[in-house]
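show me how the following folds:
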Amino acid sequence: QVQLVESGGGLVQAGGSLRLSCAASGLTFSTYGMGWFRQAPGKEREFVAAISRYGGNTYYADSVKGRFTISRDNINNMMYLQMNSLKPEDTAVYYCAADRGLVSTVSQRYDYWGQGTQVTVSS
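Numbering: from 1, shown residues only. Below is the predicted model of the structure:
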């Protein structure tokens, strides 16, 4: 079955960096658009970044543009989110997701989800 497993979360001070990874299995990875979403306590899940099947197109939420970089490795079935200049408001559980269709910024379009990894940014 399809599995998406996130890793790389943790506690970091404001201004610091983290790199999240998403390991995918059970699917033909290069045929899926991939995305990162996050959910903070008491808030709805929100779009962070997305990348097209072969990485040619990337999309970012305005709140992370210029600070976060999404990338993927179709040989090793991996996706990454490099997060720099982290802010306390970036604190959330981060989820990776796979979209069988064209890449989307809308969570309802995604078919598979990981369990999430916690990112905590202290001030």
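
for the spatially most central residue of the chain, give me the pLDDT.
Geometric centre of the chain, nearest residue: Trp36, 2.3 Å, by Cα atoms, centre = their mean. Confidence at Trp36, expressed as pLDDT, is 98.

so who does it touch?
The neighbours of Trp36, taking Cβ atoms under 8 Å, 6 or more residues apart in numbering as the test, are Leu20, Cys22, Val48, Ala49, Ala50, Ile70, Met79, Leu81, Tyr94, Tyr95, Cys96, Ala97. For glycine as for every other residue, the C-beta is placed from the backbone atoms N, C-alpha and C.

check contacts around the fifth one.
With Cβ under 8 Å, 6+ apart as the criterion, the residues that contact Ala50 are Gly33, Met34, Gly35, Trp36, Thr58, Tyr59, Ile70, Asp99, Val103, Ser104, Thr105.

before we move on, the earlier item: take the contacts of Trp36 and lay them out in CSV including distance to Tyr110 and pLDDT.
CSV is the format used below for the contacts of Trp36 (distance: Cβ to Cβ, whole Å; pLDDT from 0 to 100):
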residue, distance to Tyr110, pLDDT
Leu20, 16, 98
Cys22, 12, 98
Val48, 12, 98
Ala49, 13, 98
Ala50, 9, 98
Ile70, 14, 98
Met79, 13, 98
Leu81, 15, 98
Tyr94, 14, 98
Tyr95, 9, 98
Cys96, 9, 98
Ala97, 4, 98
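
can you put those in a markdown table and add distance to Ala14 and secondary structure?
A markdown table is the format used below for the contacts of Trp36 (distance: Cβ to Cβ, whole Å; DSSP: H, G, I helix; E, B strand; the rest coil):
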| residue | distance to Ala14 | secondary structure |
| --- | --- | --- |
| Leu20 | 17 | strand |
| Cys22 | 24 | strand |
| Val48 | 18 | strand |
| Ala49 | 20 | strand |
| Ala50 | 25 | strand |
| Ile70 | 22 | strand |
| Met79 | 25 | strand |
| Leu81 | 18 | strand |
| Tyr94 | 17 | strand |
| Tyr95 | 22 | strand |
| Cys96 | 24 | strand |
| Ala97 | 27 | strand |
